[in-house]
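Undergrad: Fold the following.
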Amino acid sequence: MFAAIFSAPTVYASDQAIIDAFKLAKLKSGELVVDLGCGNARSLIIAARIFGAKGVGVEISPYCFLKSRWNVFLAGESKNIKIIFGDFKKAKKHLGHANVVYLYLLNKVLTAIEPWFFAAIKEDARVVSLSFTFTEHIFIKSAKTFNLGKKTKIFLYGKDNL
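TA: Model prediction:
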């Protein structure tokens, strides 16, 4: 409820949609993934377990923050995944090091963060957004996936695609 009031409702993506997003981003072992609004940290756990990546998640909901920390612990990925409590700007320094940024945020949230977000990511960062698009930046590529019982798309962005 906290997240719904201040940003967006908590909705969990399917494992297959997350895997498809990381495949579109060509996530490689040892790379850093940042997930803004990480929810239950499933995306970061998948990134670590399946792709061999490291991860940083940011979550503003106290419940989801605690749940994500617990899930990371239970998955045995505490050495590979860090969860930060707070708003997205708390991840700004991590965004500057991220190889891939995973987003499952509403259009209005993407529009609100777009200016500072693209200024914060490094030049060669790959950004994948599940189902929703930015206003000013144009996606490089898209792919179809299946999420929440429906067909949807994943969008791949680079830093300078205006």
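
Undergrad: Can you show me the helices along this structure?
TA: 2-6, 15-24, 42-51, 62-74, 92-95, 107-120 (DSSP state H).

Undergrad: what's the spacing between Glu114 and Ile50?
TA: The gap separating Glu114 from Ile50 is 29 Å, by C-beta to C-beta, to the nearest Å. Where you see a C-beta, it was placed from the backbone N, CA and C, and this is true even at glycine.

Undergrad: just Leu110 next, same as before
TA: 25 Å.

Undergrad: Val128 now?
TA: Taking C-beta to C-beta, one finds Val128 at 15 Å from Ile50.

Undergrad: which intervals of this protein have sub-threshold pLDDT?
TA: 1-10, 162 (pLDDT under 70).

Undergrad: on that earlier part again, who's more crowded, Val128 and Ile50?
TA: Neighbour count, other C-beta atoms under 10 Å: between Val128 and Ile50, Val128 has more, with 28 against 14.

Undergrad: before we move on, the earlier item: could you export the helices of the chain to JSON lines, including columns for distance to Thr152?
TA: Below are the helices of the chain laid out as JSON lines (distance: least, C-beta to C-beta, whole Å):
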{"stretch": "helix 2-6", "distance to Thr152": "21"}
{"stretch": "helix 15-24", "distance to Thr152": "7"}
{"stretch": "helix 42-51", "distance to Thr152": "15"}
{"stretch": "helix 62-74", "distance to Thr152": "22"}
{"stretch": "helix 92-95", "distance to Thr152": "25"}
{"stretch": "helix 107-120", "distance to Thr152": "13"}
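
Undergrad: Stretch 109-126: which residues count as buried?
TA: Using 16 or more other C-beta atoms under 10 Å as the test for burial, stretch 109-126 gives Val109, Leu110, Ile113, Phe117, Phe118, Ala120, Ile121, Ala125, Arg126.

Undergrad: so which pair among those is furthest apart in space?
TA: The two members of the buried residues of stretch 109-126 with the most space between them (C-beta to C-beta) are Val109 and Arg126, at 19.4 Å.

Undergrad: what's the nearest residue to Arg69 if we skip its chain neighbours?
TA: Computed as C-beta to C-beta, 6 or more residues apart in numbering, the closest residue to Arg69 that is not its neighbour in sequence is Ile83, at 5.1 Å.

Undergrad: what's the burial count for that neighbour?
TA: 24.

Undergrad: surely it meets Phe65?
TA: Yes. Counting by C-beta atoms under 8 Å, Ile83 touches Phe65, with 6.4 Å between them.

Undergrad: Much appreciated, bye for now.
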